[in-house]
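>>> A structural model of the following input is requested.
(3 chains)
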Amino acid sequence: MITDFRYRGASLAKKLFITLMIAIMLIYVVLIIYPLFNMVISSFKTNRAILSKPFALPDSLDFKNFKTVWIDKGFSRYFLNSIFVTGVAMAFVILFGSMAAYGIARYTYKANTLVYMVFLSGIMLPLKAAIIPLFLLIKKMGLINSQLSIIMIFMAMGIPSTVFILSGFMKSIPIELEYAARIDGCNDFSIYRRIVMPMVAPAIALVTIYNSVPIWNDFFFPLIFLQSNAIKTLPVGLSTFFGQHSTNWSLLFTGLTIAILPMLILYLFMSKYFIKGMTAGAVK
Amino acid sequence: MKRNVVICLLIALVLGGSLFAAGTAEQKPTGTQEMTVLEFWTWRPEDVDFYASQIAKFEAANPDITVVQTAHKNTEYNTILSASLSGGSGPDVFQGRAYGGLATFADSGFLEPLEQWMPELKNYSATALLGATSPTDGKIYGSPAVSQTVFMFYNKAIYKELGLSIPKTWNELIANFEAAEKAGYIGLGNGAKDGWTLETMLGGMGAGFYGGTEFYNAVVKGDKNFQDPAFITMVEKMKSLTKYMPDMYMGIGYEDMRSNFINELSPHLIAGSYEAAFFRSQNPDLDFDIFAVPGEKASDPAYVSVYADMNFAMNANSTKKDASIKFLKFLSSKEFGKAMVTDMKMVTSVPGVDASADPFIARVLELQKNATPYLFLVGFRYNQPTGSSLWQAAAQGIMAGTLTPAAAAKQIQDGIASYYKPFQK
Amino acid sequence: MDHDCLQQGTAMNQRTLIKTSWILLFITPALLVVGVFILLPLFMTLFNSLFSWNQLIRNEFIGLENFRRLLTMYPYSERFLNALQNNGTWFISTMLIQNSLGLLLGYLLSRNIPGAQAFKRIFFIPVLFSIVAVGFLWGIYLKPTGLLNNFLDLIGLDNLKRAWLGAEQLATPSLIMVNIWRWVGFPTLVFLAAIDGVPQECLEAAYLEGVSEWKLFWKIIFPLIIPAITIITVLTVIGSLNVFEQVYTMTGLDGAPNYSTDTIGTLFYRTAFGSVDAGSPEIGIGSAIGLIIYLLTFAISLVSIFFTKRKEVQL
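Next up, the predicted model:
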């Protein structure tokens, strides 16, 4: 496209600008890749080597830590539990969140702002602050030691920011598109489903990854609400490597390396939507 | 179209997950005989294997009781326990903290007073029982498990190499630091990034200067305060040690300072008795021992600071009190105490356990002849802001040079005086 | 005539009814989940600030006494003010550095700077890290013998070596820099998505007319991405007033050294829940801190929403 920043045909000043910007971005790339690399190599090292020579390469690529973590420490089960919990919670976060965002952004009514405020106020304070009343609530519902408890909590944690971000994006979709669809006989739900949702696909991808990461990594709520080993999630498994006076960094990094993989895959999958661009395909 | 792919994937994920979850649903114990299941919580994930082996012994002797152990992350333990106990559930038996950390739960009515269940508690030392007693009603709410002692660790091999010996006066200690520095070692491995390690440092080197137990008793009564010249002298002495601490010691955290000692970059580290097991596991070749930091003169007592660290406690709302008591009694038995010494290298609080089998523990007990209460932890860890948190922050200011010893002492004094009655007269 | 009007009236009512039921259908599920699992427990917590507490047991109603103690009594008042200042530093630095950097990067990526496809895929990766990994890795990069100091040695700037996380003046800025490292990908992608939503024809037309780059950005693109700016500003307000994890994992619950990295989040947590070092929970005062964070966040968010709304233009 002609608006692209390209070297060809650009003025000297613009060339310099582009070069400088690329240099900055390359430095940032190095700052991202190195810690990732550091984390992965640490999973091949002993505890002592991690603490005394954190930047050195491991002596050998021995996968025994992975075997210990995956099999002996039960991470294979934790891993699947985490995928299940995060998957279900996120599916509902996106469904309910986008519906609510649609209900706020695409209609004008008196309580509109109020509803918006209610959702907004849900992001104001971390839910951790309310752990004691939350515990009582979950206990009354009989959900202690059930994965449903943390699925509901994770849904509640994810929905407010989803509504907030998506309603912002949905507001900027031209209303004419909706009229056209109505003339074609679409009802409200199919306008949401066929017109609005595809147009905010990049934003959906964004909130999916934005909310999945904290849900995937949260150990606090599973630690409190899940007691039996069969239903615990991956971060709970990770928390057992933290001792009071000695942390098993070696197994911890192995666990962290395993834990980041699904998020990396999810992100690389979602990143297609940013690359495609927002308006391409959807409008015409 | 791609959206449909995402949706299909999500559905597949959810379905797959639910099938899996169904497959792994909790299997009910099949035994028909009545089994009492006890929940037991600890904050020591590193000791899971130890407790598992002890629980196996207990279960062998009590076939009708099963104990399920859950080790929580230390830093979140109090929060999880508060939430569960406030919600009327929680474990039957659990590791409780000592002093204020136990009193919180005791005063809220969540703990079972133990004297009527376990009369043998009266045989415990007064030091151990203080950590298990609520100051509000004077009742005992925990069975004391271990105590910790703070002193100087030193590297015997480096001492031999440099021809050093255990110092008998403060000046000899400083001379040892100098000698180590001259030989290219870090004089003292401690750092100041993590505030609580400065409380450890105070416990290891301070008591001789502020006047040990005598001062402790006087401040607790309110006869003396933290602006006392002796206390300020101690602070100045501590500050003077920064010369021998690592380069940019303000950035040296807990793991780094232990690394300095384990990897023999420094022959000295002021730390607690709980480190011994870790040092051995990380560097089995490390040849270390301990000494108490001497006073100015050789005739001054060389103090070590001691505190109760852990109590086994029982949930007042437990429906299985008889079984819980059986387990508590097991955790208070001499065999268990002995196992604590030999397997965990911890100083057990159970009276009558022969600890001499382990040379390190024997040495700790020897140093305890000049034991003094670990000042802020024992005396001022009940209300907010605790003496500990005030000291930890102020000490960082002192070590960094942003706070004078006198200003630091005032900060601590005013903070405690905001709630501590004896300081308000 | 009368009859006609009546019919029209019922048709109107019916349409309103249909519209209302559609709205209810869309918002009820989310509202229910958020209401029950977030707002209810949160308000129960905030309510606690009006009571006196004996350890974990609620005693009698004392009105605003907890607020009075928090705001006027030493050392709470001093801690609170200090923490609030640090939150202010977080907010200003995040707005100035992270969000402008995000805007710049998002803009460059939307204009397909060489390498854009790869950069888009990489910039968000730090967000995927667990905070545990971030805390440990950046801890060893910033420690006295860490990577940053080694690097300064290498390029001959060894007089700039510092104990980054241990010096009172540097600890908060260091934490903020790590946080920017972690999060700058987020505003980048939000702005990228927003700029990509600006009709390409607008840009091309302006471009062909020879509008300068500077003008193109400020006069055409910027006004059209105000909604995204609102989103990022509000999320920054919320994030900066709730800073917790980064401090907790890197400098501890007390905001070491000497409270220089303390934030309202850490102050709230250790007051309300206590800790081994911090002592018994003070639920009353802790909840009062929580309520103040809540109201403050809400007020500042509203101000920024209305402020940016005024500048919004409809497509």
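>>> use CA for all of it now, contacts and neighbours both
Noted.
>>> who's in contact with the nearest residue in space to C:Ser130 that is not next to it in sequence?
Spatial nearest neighbour of C:Ser130, excluding adjacent residues (Cα to Cα, 6 or more residues apart in numbering or on different chains): A:Asn217 at 6.1 Å. For A:Asn217, the residues meeting the contact criterion (Cα atoms under 8 Å, 6 or more residues apart in numbering or on different chains) are A:Leu234, A:Pro235, C:Ser130.
>>> so which of those comes closest to chain B?
Comparing these against chain B with Cα to the nearest Cα places A:Pro235 closest, at 11.2 Å.
>>> tell me if the helix or strand containing that closest one is near chain B.
Assigned by DSSP states H and E, A:Pro235 belongs to helix A:234-239. Yes: using Cα under 8 Å from any Cα of the partner chain, helix A:234-239 reaches chain B at A:Ser239.
>>> list the helices and strands that helix packs on?
helix A:75-105, helix A:201-217, helix A:220-225, helix A:249-276 (3 or more Cα pairs under 8 Å, 6 or more residues apart in numbering or on different chains; DSSP states H and E).
>>> how does it look with 6 Å?
For helix A:234-239, the packing partners by 3 or more Cα pairs under 6 Å, 6 or more residues apart in numbering or on different chains; DSSP states H and E come out as helix A:75-105.
>>> surely A:Pro235 meets A:Phe219?
Yes: with contact defined as Cα atoms under 6 Å, A:Pro235 and A:Phe219 form a contacting pair (4.8 Å).
>>> which one of the two is surrounded by more residues?
A:Pro235 (24 against 18; other Cα atoms under 10 Å in any protein chain shown).
>>> let me know the pLDDT of the residue nearest the centre of chain A.
Geometric centre of chain A, nearest residue: A:Ser212, 2.6 Å, by Cα atoms, centre = their mean. A:Ser212 carries a pLDDT value of 95.
>>> and it, how far is that from C:Val243?
To C:Val243, A:Ser212 is 19 Å away according to Cα to Cα, to the nearest Å.
>>> the closest residue to C:Asn149 other than its chain neighbours: how many residues sit nearby?
Nearest non-adjacent residue to C:Asn149, counting by Cα to Cα, 6+ apart: C:Lys161, 5.3 Å away. By other Cα under 10 Å, the residues close to C:Lys161 number 17.
>>> now C:Lys161: phi and psi?
With angles defined as degrees, to the nearest 10, C:Lys161 sits at phi -60, psi 140.
>>> gap between it and chain A?
Using Cα to the nearest Cα, to the nearest Å, C:Lys161 is found at 19 Å from chain A.
>>> distance of that residue from B:Pro63?
Remark: distance between C:Lys161 and B:Pro63 (Cα to Cα) = 62 Å.
>>> check C:Ile122 too.
Per Cα to Cα, C:Ile122 is found 57 Å from B:Pro63.
>>> of the two, who's got more company?
Using other Cα under 10 Å as the criterion, C:Ile122 and B:Pro63 rank with C:Ile122 on top: 19 against 10.
>>> for burial, what's the neighbour tally of the residue lying closest to the more buried one once chain neighbours are set aside?
Excluding the flanking residues, the one nearest C:Ile122 by Cα to Cα, 6+ apart is A:Val29, at 6.9 Å. Using other Cα under 10 Å, A:Val29 has 16 neighbouring residues.
>>> now the helix or strand harbouring A:Val29: average pLDDT?
In the assignment (DSSP H and E), A:Val29 maps to helix A:12-42. Averaging pLDDT along helix A:12-42 yields 94.
>>> quick revisit: quick one: the residue nearest to C:Ile122 from A:Ala23, how far?
As judged by Cα to Cα, A:Val29 and A:Ala23 stand 10 Å apart.
>>> need the residues of the stretch 1-150 of chain A near chain C, please.
For the stretch 1-150 of chain A, the residues in contact with chain C (Cα under 6 Å from any Cα of the partner chain) are A:Asp4, A:Phe5, A:Phe96, A:Met99, A:Ala100, A:Gly103, A:Met124, A:Ala130, A:Pro133, A:Leu134.
>>> narrow these to just the buried residues.
Buried subset of the residues of the stretch 1-150 of chain A next to chain C (neighbour count, 16 or more other Cα atoms under 10 Å in any protein chain shown): A:Phe5, A:Phe96, A:Met99, A:Ala100, A:Gly103, A:Met124, A:Ala130, A:Pro133, A:Leu134.
>>> for the fourth one, which non-adjacent residue is closest in space?
Pointing back at A:Ala100 there. Nearest residue to A:Ala100, sequence neighbours excluded (Cα to Cα, 6+ apart): C:Ile27, at 4.2 Å.
>>> so what's whichever residue of the stretch 201-315 of chain C sits closest to chain B scoring on pLDDT?
The minimum distance from the stretch 201-315 of chain C to chain B, using Cα to the nearest Cα, falls at C:Asn258 (4.1 Å). C:Asn258 is assigned 93 on the pLDDT scale.
>>> what's the neighbour count on it?
26.
>>> got phi/psi on it?
phi 50, psi 50.
>>> equivalent analysis for B:Phe94, please.
Torsion angles, degrees, to the nearest 10, at B:Phe94: phi -150, psi 160.
>>> skip the chain neighbours and tell me the closest residue to it.
B:Trp41 (4.6 Å).
>>> list the beta-bridge partners for that neighbour.
Per DSSP bridges, the residues bridged to B:Trp41 are B:Thr70, B:Phe94.
>>> C:Val198 looks like it's in a helix, true?
No: counting by DSSP: H, G, I helix; E, B strand; the rest coil, C:Val198 is not part of a helix but coil.
>>> so how far is the helix or strand containing A:Ala49 off the chain centroid?
For A:Ala49, the element it lies in under DSSP H and E is helix A:47-52. With Cα atoms, centre = their mean, to the nearest Å as the basis, helix A:47-52 stands 31 Å off its chain's centre.
>>> again, but for stretch C:240-259
15 Å.
>>> now swap in stretch B:286-301 and tell me
Centroid separation for stretch B:286-301 versus its chain: 21 Å, with Cα atoms, centre = their mean.
>>> which residues touch that stretch?
For stretch B:286-301, the surrounding residues in contact (Cα atoms under 6 Å, 6 or more residues apart in numbering or on different chains) are B:151-156, B:168-170, B:205, B:208, B:302, B:304.
>>> burial count for the residue in the stretch 51-200 of chain B positioned nearest to chain A?
Ranked by Cα to the nearest Cα, the top residue of the stretch 51-200 of chain B for proximity to chain A is B:Ala83, at 4.9 Å. B:Ala83 is flanked by 22 other residues according to other Cα under 10 Å.
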